[in-house]
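Q: Below are the sequence and a predicted model for it; my questions follow.
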Protein chains: 2
Amino acid sequence: MKIKEIGGEFELINRVTKSSGSNPDIICGIGDDCAVIRSGENEYQLITTDMMVENDHFSLKWFTPAQIGKKLMESNVSDIIAMGGKPEYAFLSMSLKRDTEVEFLDGFYSGLYESAGRHGVLLLGGDTTHGTEYVFNLTLLGRVAPSLCRLRSMAQPGDLIAVTGTLGGSTAGLKLLLKDKEGYLPDHLEPRSRTREDGEAIAHHAHAMIDVSDGLGSEVTHICNRSNTGAEIIMEDIPLSATTIASAQILNADPYEFALYGGEDFELVFTLPEKSLGELRSVFSDFTLVGKITPKEKGIHIIKNGEKTPVLKGYDHFS
Amino acid sequence: MKIKEIGGEFELINRVTKSSGSNPDIICGIGDDCAVIRSGENEYQLITTDMMVENDHFSLKWFTPAQIGKKLMESNVSDIIAMGGKPEYAFLSMSLKRDTEVEFLDGFYSGLYESAGRHGVLLLGGDTTHGTEYVFNLTLLGRVAPSLCRLRSMAQPGDLIAVTGTLGGSTAGLKLLLKDKEGYLPDHLEPRSRTREDGEAIAHHAHAMIDVSDGLGSEVTHICNRSNTGAEIIMEDIPLSATTIASAQILNADPYEFALYGGEDFELVFTLPEKSLGELRSVFSDFTLVGKITPKEKGIHIIKNGEKTPVLKGYDHFS
C-alpha cells in the first residue's frame, strides 16, 4: 500500500505517532511547529527539525549554495518564532555527493552562518555523510516563557485571523522559474523568517500562531483541527505584494492560489481577540486581517466574491 | 576542489566550524559525541544527531525496515551513553521515495519504537519529505549531571584504555554480506548501544569516554587529539568475539583490522586511572584493557607482536 493510498503525509504521521504518555514535562509533542518541553521553573524548550532535499526544496539550477544554507536556517527559525520563542542552537546533518566541491560547501555555510547570525543562532554540531543527492537537515533548539508560548491549539471562536507581511511570493517565484519566465525571484530564492521581536510582540496578544510552510489554507486548517474550531477566510483580504501580483499576471495565474496553497513564505498566521487589536497595532503593525475563527460546526471556508468555497489540501509530498 | 583534496570529512568539519564564542552555557560544541549545554543549576543537556543514507549505512538487500529503525535509534543512543548521559527525546526526519510502501514504514517505526522503548526514549517530532533514496536523520536529546559528563578531552597520560564488550562484529558481518558468505550477522544488522546504566557506572570512574562509530583506532585518535596526549594500543589485547574470529577465518581476513578500522560496534572506549579499576570492576566488569594513554610526544601507536605500528585513518565518506 502506498502512502497516498492512506491519504498522504499527514495521515502517515497520524498512523505512526505514538502517544508520549503522561509525562508532565511534555507540553506538546508531534503536531505543532515545534515540540515543547518544560525546562526549569519558568521556561519551555522548543525543538524543531526540517529536512531539505535537492530537486524538492531547492534546485541547483536556480539556488546558489549560500541561498540553500539561508533557506535551511530561515525555515527552522520560522518554526521557533511561530511559537513566540527565541532560537538558540542548531545541529546540521548533511548527505553530500562524494565529489562535492569544497567551494560549494563554503558557499552553503556562508549563507547558513549569515542567517544564523541575523537570528542569534549558534551551530553546535552535526553529522556529515554521503549519498547520491544533496540532503540537509537542521534541528534547531530555542526557548520561550510559558506565558508567551503560542500553540496551534489555542484559537477560540470569535478570534480574528491575521497574517504578517504578504503571501504567495515564494510560489510566484517558483512558478516563474519552472516556466522559464523573467520576474521577481527573491521571495523564492531567499525567503526570510520574521524576527524574534515580531514573534514576541504578536505572542503577547495572540491566541494561536503558526508559520506559513504549506500555504494559508493549510495553516488555518491546522489551527482549526488542533483548536477544534471552524474558520472563514476572506480571499480578497489576503495581502499580496505588487511583485506577486505582477508575477501572476506574467503567469496568467491567480495570485490568491499562490497565497492559499503555495507555502514557504515563512510569514506568521495568528488568531487574536478583537479587543487586543489596538494594543498589538501600537507595537507591531505589519499584519492584515484575513478572516475569523468560527465554531467547529461551521466548517472551514474561503469566501470568494461573497461565496463560500471549501479549503483544498496544501502541498503533499506523496499525493 | 574536492573534499578528499583537503583531507576528508574531519578536515571539512574543521574548515567550516566557527567558534561558538564565549557563551558560558556551552560546555562543548562541535567535536564530541554530543554537544553539551548548561541547563539549570546542576544539569547539562546533551544533543546528538546522526544521518543514515540508503546504500551507505544500510542496504535494503540485507536490512529489514525494523532493523533500519533500530540501528538509527541505537547509534544515537550510543552517543548519549558515551557522555555518561540519559537519553530522553528524539526527533526524526525522513526523506522517503514517493512510492514508499506503508508496510515499509510500519516496519521501520516498529524497530525504532522497540529500541526507543528499551532506552526510555520518546519520539516527539520530525519532518517527512521525499527524494530518490531513503535518508533518515535522528536528533536525540539527553541529560547528564555535570560530575558524570565524560568528554573526549578528559584523558590523562598514565590512564588505562578500556573497551566494553567485543569489537569488530559489525564489520565482520558487513564483509560476509558483501562477499556473499554465510556466517554470523546480528552484530551488523542489529547493533546495540550499551545501556544508560553501563555508561553511568563507567562515568563514575572514567576520565574520557567515546563510543565506537569508526573503529578503535579512530576513536583513540579522537581522544588523543582532544586530550592532547599520545596512546599505545596492544593489538592482541583487543577483545574479539568467537563469532567475529570465525567470520574472519571464513573471509581469510584479520579480525583485529575489523576492530581497529571497522566501526559501528557502539561499544564504549574509555580511559581511567589504574587506581579506579577495582572500584569499577565491582559494579561493572564487561570491559577489557587494551592499552594506555601516553604523553603527546610519544605519538599514537598500535603494538602488534611487540612492534610499534602507526594508527591508520578510519572510514571517511569522502576519501
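A: That came in fine, so what should we check first? Predicted, not measured: the structure shown is a model, and the values here were computed from it.
Q: So which elements touch the helix or strand of chain A with the lowest mean pLDDT?
A: Least confident helix or strand, chain A: helix A:9-16 with a mean of 78, by mean pLDDT, DSSP states H and E. Helices and strands touching helix A:9-16, as assessed by 3 or more C-beta pairs under 8 Å, 6 or more residues apart in numbering or on different chains; DSSP states H and E, comprise helix A:3-6, helix B:102-119, strand B:122-130. Backbone N, C-alpha and C define where each C-beta goes, glycine included.
Q: so which of these is the most packed in?
A: strand B:122-130 (a mean of 23; mean count of other C-beta atoms under 10 Å in any protein chain shown).
Q: any bit of that one sitting next to chain A?
A: Yes. Contact of strand B:122-130 with chain A (C-beta under 8 Å from any C-beta of the partner chain) involves B:122, B:123, B:124, B:125, B:126, B:127, B:128, B:129, B:130.
Q: Put together JSON lines for these, with pLDDT on each row.
A: Formatted as JSON lines, the residues of strand B:122-130 next to chain A follow (pLDDT from 0 to 100):
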{"residue": "B:122", "pLDDT": "95"}
{"residue": "B:123", "pLDDT": "94"}
{"residue": "B:124", "pLDDT": "93"}
{"residue": "B:125", "pLDDT": "90"}
{"residue": "B:126", "pLDDT": "90"}
{"residue": "B:127", "pLDDT": "91"}
{"residue": "B:128", "pLDDT": "92"}
{"residue": "B:129", "pLDDT": "92"}
{"residue": "B:130", "pLDDT": "92"}
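Q: of the residues you listed, closest to residue B:97?
A: Proximity of the residues of strand B:122-130 next to chain A to residue B:97 was ranked by C-beta to C-beta; the top entry is residue B:130 with 6.6 Å.
Q: tell me the SS of residue A:22?
A: Assigned by DSSP: H, G, I helix; E, B strand; the rest coil, the conformation of residue A:22 is coil.
Q: and it, how far is that from residue A:29?
A: 12 Å (C-beta to C-beta, to the nearest Å).
Q: For the two, indicate the residue with more neighbours.
A: residue A:29 (20 against 6; other C-beta atoms under 10 Å in any protein chain shown).
Q: so the more buried one touches residue B:124, yeah?
A: Yes. Assessed by C-beta atoms under 8 Å, residue A:29 is found in contact with residue B:124 at 4.5 Å.
Q: What is the burial count for the closest residue to residue A:273 other than its chain neighbours?
A: Excluding its sequence neighbours, the residue lying closest to residue A:273 (C-beta to C-beta, 6 or more residues apart in numbering or on different chains) is residue A:159, at 6.0 Å. For residue A:159, the number of neighbouring residues by other C-beta under 10 Å comes to 25.
Q: Can you check the pLDDT for residue A:159?
A: On pLDDT, residue A:159 comes in at 98.
Q: who are the neighbours in contact with it?
A: A:207, A:208, A:271, A:272, A:273, A:292, A:293 (C-beta atoms under 8 Å, 6 or more residues apart in numbering or on different chains).
Q: now with 6 Å?
A: Counting by C-beta atoms under 6 Å, 6 or more residues apart in numbering or on different chains, residue A:159 makes contact with A:207, A:271, A:272, A:273, A:293.
Q: Just put the residues you listed in CSV and tack on distance to residue A:112.
A: Putting the contacts of residue A:159 into CSV (distance: C-beta to C-beta, whole Å) gives the following:
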residue, distance to residue A:112
A:207, 33
A:271, 32
A:272, 33
A:273, 39
A:293, 37
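Q: can I assume residue A:125 is in contact with residue B:36?
A: No. Residue A:125 is not in contact with residue B:36 according to C-beta atoms under 6 Å; the separation is 9.7 Å.
Q: Contact residues of chain A facing chain B?
A: A:1-3, A:6, A:9, A:16, A:20, A:29-30, A:35, A:40, A:49-51, A:53, A:91, A:93, A:95, A:99-100, A:102, A:109, A:122, A:124-125, A:127-133, A:135, A:137, A:139, A:317 (C-beta under 6 Å from any C-beta of the partner chain).
Q: Nearest spatial neighbour of residue A:98, chain-adjacent residues omitted?
A: residue A:130 (5.3 Å).
Q: For chain B, what's its nearest residue on the stretch 151-300 of chain A.
A: residue A:213 (10.1 Å; C-beta to the nearest C-beta).
Q: So that residue, which state does it fall into?
A: coil.
Q: Give me the phi and psi angles of it.
A: phi -100, psi -40 (degrees, to the nearest 10).
Q: Local confidence estimate at it?
A: As predicted, residue A:213 sits at a pLDDT of 90.
Q: Please look at it and residue A:262 and confirm they touch.
A: No. Contact between residue A:213 and residue A:262 fails when scored by C-beta under 6 Å: they sit 10.3 Å apart.
Q: For these two, work out which one has more neighbours and name it.
A: The residue with more neighbours, out of residue A:213 and residue A:262, is residue A:262; 28 against 20, by other C-beta under 10 Å.
Q: hey, what's in contact with both of residue A:29 and residue B:124?
A: Common neighbours of residue A:29 and residue B:124, counting by C-beta under 6 Å, 6+ apart, are residue A:35.
Q: Not counting residues beside it along the chain, what's closest to the residue of chain A positioned farthest from its centre?
A: Most distant residue from the mean C-alpha position of chain A: residue A:99, 32.6 Å away (C-alpha atoms, centre = their mean). Closest residue to residue A:99 apart from its sequence neighbours, by C-beta to C-beta, 6+ apart: residue B:2 at 5.8 Å.
Q: What distance do you get for that neighbour to residue A:312?
A: Applying C-beta to C-beta to residue B:2 and residue A:312 gives a distance of 46 Å.
Q: circling back to that earlier point, I'd like to know which of the helices and strands packed on helix A:9-16 lies nearest to residue A:241.
A: Residue A:241 lies closest to strand B:122-130 among those, at 27.2 Å (C-beta to C-beta).
Q: What strands flank that closest one, and is each parallel or antiparallel?
A: strand B:86-96 (parallel) (DSSP bridges).
Q: and the angle from the strand it pairs with to helix A:9-16?
A: 140 degrees (axes from the mean of the first three to the mean of the last three C-alpha atoms, to 10 degrees).
Q: So which residues lie in contact with strand B:86-96, not counting its own?
A: By C-beta under 6 Å, 6+ apart, strand B:86-96 touches A:49, A:51, A:53, A:135, A:137, A:139, B:77, B:80, B:119, B:121-131, B:135-143, B:196.
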